[in-house]
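[1] From the sequence below, what's the structure:
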Amino acid sequence: MAKDRASRRARLRQQIADDAKAKESKRDGNSAFAQEYAYVLKDLRRVFILAGVMFILLIFLNIVLQ
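    The predicted model follows:
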């Protein structure tokens, strides 16, 4: 009975350690991805701002020229 409890505790400790390692490696992968593609977010932000300015300019020109 005591051996069963000890082995269960050991398996539980091992499972907790494995889960922690898996979460840590997943976090490392996400941060590497974010660092590697940071320029993409900057470019997308620039494109959306430019598109918004052009859209507003089109609306303004439409109102003025009518």
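
[2] the helices in this structure, which residues?
    Secondary structure of the chain, counting by DSSP state H: helices at 2-36, 38-65.

[3] Redo those helices as a markdown table? Include mean neighbour count and mean pLDDT.
    C-beta: built from backbone N, CA, C; applies to glycine. Shown next, in a markdown table, are these (neighbours: other CB atoms under 10 Å; pLDDT from 0 to 100):
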| stretch | mean neighbour count | mean pLDDT |
| --- | --- | --- |
| helix 2-36 | 10 | 75 |
| helix 38-65 | 10 | 95 |
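
[4] Any idea which residue is closest to the centre of the protein?
    What sits nearest the mean C-alpha location of the chain, by CA atoms, centre = their mean, is residue 30, with 6.2 Å.

[5] measure that residue to residue 60 for me?
    Between residue 30 and residue 60 the computed distance is 42 Å (CB to CB, to the nearest Å).

[6] go on, residue 9?
    According to CB to CB, residue 9 and residue 60 sit 71 Å apart.
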